[in-house]
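Q: Sharing a model that was predicted from the sequence below.
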Amino acid sequence: QVQLVESGGGLVQAGGSLRLSCAASGGTFSSYVMGWFRQAPGKEREFVASISRGGGITEYADSVKGRFTISRDNAKNTVYVQMNSLKPEDTAVYYCAADRQRNYGVNYANAYDYWGQGTQVTVSS
C-alpha cells in the first residue's frame, strides 16, 4: 500500500504560480498512474491532471489546460503539478492520487486507489 503526502500549497495572488509536490512511500511508485484532483468548498472533487506510469502520457481538465503542468520523477517517488497564471477559481484543497490498475490516467476519482490528505491552495484576487 502506498502512502501519499502533498506539499507546496499556500496563499498566492491571482496570476501567480505554485508548484505542488506529492511524495509517495510504501509502494513501487513507477507502477502507479498518478493524478491530481481538487475540491473547493461546497463542490465535488474534480479532476485536474493525470500522468502515466512512465510520464509520457498526460491529461488535463479543460479548466487548467495551458496553465498547469503535471510531471513525475520516478527516481524520487514524487509527482508534481506546476500551476501558473493562477485564478481565484483555482482555490481548493488539492489531492494527489494513485491508480494501481491502469496504464494511463483517467479523470474520475473512484478509479484511484490511494489518496493523500490534501494541501490547501488559496488564490486571492
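A: Nice, thanks for sending it over.
Q: now the strands for this structure?
A: With strands called from DSSP state E, the chain shows them at 3-7, 10-13, 18-25, 33-39, 46-51, 58-60, 68-73, 78-83, 92-99, 114-115, 119-124.
Q: average model confidence for the second one?
A: Right, the one you point to is strand 10-13. The average pLDDT for strand 10-13 rounds to 98.
Q: Give the buried residues for that strand.
A: By 16 or more other CB atoms under 10 Å, the buried positions in strand 10-13 come out as residue 12. For the C-beta atoms, the positions are set from N, CA and C on the backbone; glycine is no exception.
Q: Which strand residues bridge residue 51?
A: Counting by DSSP bridges, residue 51 forms beta bridges with residue 34, residue 58.
Q: returning to what we had before: closest to residue 107 out of the strands of the chain?
A: strand 46-51 (3.9 Å; CB to CB).
Q: Give me the angle between the closest one and strand 18-25.
A: On the basis of axes from the mean of the first three to the mean of the last three CA atoms, to 10 degrees, strand 46-51 is oriented at 70 degrees to strand 18-25.
Q: Quick check: closest non-adjacent residue to residue 14.
A: Residue nearest to residue 14 in three dimensions, not counting chain neighbours: residue 125, with 5.2 Å by CB to CB, 6 or more residues apart in numbering.
Q: Near that neighbour, how many other residues are there?
A: The local packing of residue 125 (other CB atoms under 10 Å) involves 9 other residues.
Q: That one reaches residue 86, doesn't it?
A: No. In this structure residue 125 lies outside contact range of residue 86 using CB atoms under 8 Å: 10.5 Å.
Q: so what's the residue lying closest to residue 48 once chain neighbours are set aside up against?
A: Distances taken as CB to CB, 6+ apart place residue 36 nearest to residue 48, at 4.2 Å, with adjacent residues excluded. Residue 36 sits next to 20, 22, 48, 49, 50, 70, 79, 81, 94, 95, 96, 97 when contact means CB atoms under 8 Å, 6 or more residues apart in numbering.
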